[in-house]
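Asker: could you work out the structure for the sequence below:
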Amino acid sequence: MPTFDSKKIAHAHREVHAHLPSDPALRVKALESLLVEKGLVASETIDNWIELYSERIGPMRGARLVARSWTDPAFRDRLLSDAGQVVKDYGYQGHATEHLKAVENTPGVHNLVVCTLCSCYPFSILGMSPIWYRSAAYRARAVKEPRVVLHEFGVTLPEDVGVRVWDSTAELRYLVIPERPKGTEGWDEDHLAAIVTRDSMIGTQRDLSVEPA
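Answerer: Predicted structure coming up:
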């Protein structure tokens with residue numbers, strides 16, 4: 001007669017569910033399947049939209065703006081004074097970048113972007129926002145204890161480096177211009193853009209890795 005082993009059953013249950021997507025992913029997939037089934041959207045449209053923001057836009061547009069600002073002082077000044085117009089001139093505008101402000105990291109200042117009310121984010125230049133940016137923990141703690149949050153991202157700032165926290169809204173969003181790393185003198189914009197990360201343009205990364213030219 002078979003015996004009931006609660007430990008084995010619990011282990012098997014964990015094993016099965018360990019390979020399932022997270023609850024939010026399952027809900028998204030179910031919603032997508034329902035919309036496709038009812039003919040409200042084509043699965044190819046969803047795939048193309050995801051590819052556009054994750055692969056072709058991603059943070060690449062923002063990275064190119066940063067790289068240009070590193071090599072062209074006049075462009076940098078324009079970006080800092082009227083980022084929304086610069087983005088429009090580049091053809092990168094979107095509903096999330098009409099009112100955009102660029103802020104610049106310096107040896108004495110580090111900038112960090114958060115959206116305390118929801119998760120406002122410049123999608124058309126940074127692509128999809130990371131999950132942690134939308135989390136309640138980040139949105140609350142980035143304002144209250146920014147140095148602690150930065151430390152958890154691997155950014156430990158000296159006491160003489162000030163932290164400025166910028167709270168995005170539906171009307172105003174931010175782009176951080178990270179400092180140009182040493183050892184990149186003479187690099188062209190394509191090479192420079194390749195080392196600019198999404199996190200550095202949000203402010204949760206400070207020092208960019210430099211690969212040999």
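Asker: okay, helices next: where are they in the protein?
Answerer: Per DSSP state H, the chain carries helices over the ranges 6-18, 23-37, 43-51, 60-71, 73-81, 83-89, 123-126, 131-134, 136-144, 146-152, 189-193, 198-202.
Asker: just checking, what packs against the fifth one?
Answerer: Counting contacts by 3 or more CB pairs under 8 Å, 6 or more residues apart in numbering; DSSP states H and E, helix 73-81 is packed against helix 60-71, helix 83-89, strand 100-104, strand 173-177. C-beta coordinates here come from the backbone N, C-alpha and C atoms, glycine included.
Asker: save those as JSON lines, and put in mean pLDDT and distance to Glu159 too.
Answerer: Putting the helices and strands packed on helix 73-81 into JSON lines (pLDDT from 0 to 100; distance: least, CB to CB, whole Å) gives the following:
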{"stretch": "helix 60-71", "mean pLDDT": "96", "distance to Glu159": "27"}
{"stretch": "helix 83-89", "mean pLDDT": "93", "distance to Glu159": "30"}
{"stretch": "strand 100-104", "mean pLDDT": "97", "distance to Glu159": "21"}
{"stretch": "strand 173-177", "mean pLDDT": "97", "distance to Glu159": "21"}
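Asker: please identify which of the ones you listed is closest to His191.
Answerer: Of all the helices and strands packed on helix 73-81, helix 60-71 sits nearest to His191, with 8.2 Å by CB to CB.
Asker: buried ones in that closest one?
Answerer: Residues Met60, Arg61, Gly62, Ala63, Arg64, Leu65, Val66, Ala67, Arg68, Ser69, Trp70 are the ones in helix 60-71 that count as buried (16 or more other CB atoms under 10 Å).
Asker: list the contacts for the fourth one?
Answerer: Pointing back at Ala63 there. By CB atoms under 8 Å, 6 or more residues apart in numbering, the residues touching Ala63 are Ala193, Ala194, Val196, Thr197, Met201.
Asker: over to the third one?
Answerer: Contacts for Gly62 were tallied using CB under 8 Å, 6+ apart; they are Pro122, Ile125, Leu126, Leu175, Val196, Arg198, Met201.
Asker: of these, which pair is most distant in space?
Answerer: For the contacts of Gly62, with distances taken as CB to CB, the pair at the greatest spread is Pro122 and Val196 (14.3 Å).
Asker: tell me which of the two has more neighbours.
Answerer: Taking other CB atoms under 10 Å, Pro122 and Val196 do not tie; Pro122 has more neighbours (29 against 24).
Asker: the more buried one contacts Glu98, correct?
Answerer: No - using CB atoms under 8 Å as the test, Pro122 is too far from Glu98 to be in contact (9.8 Å).
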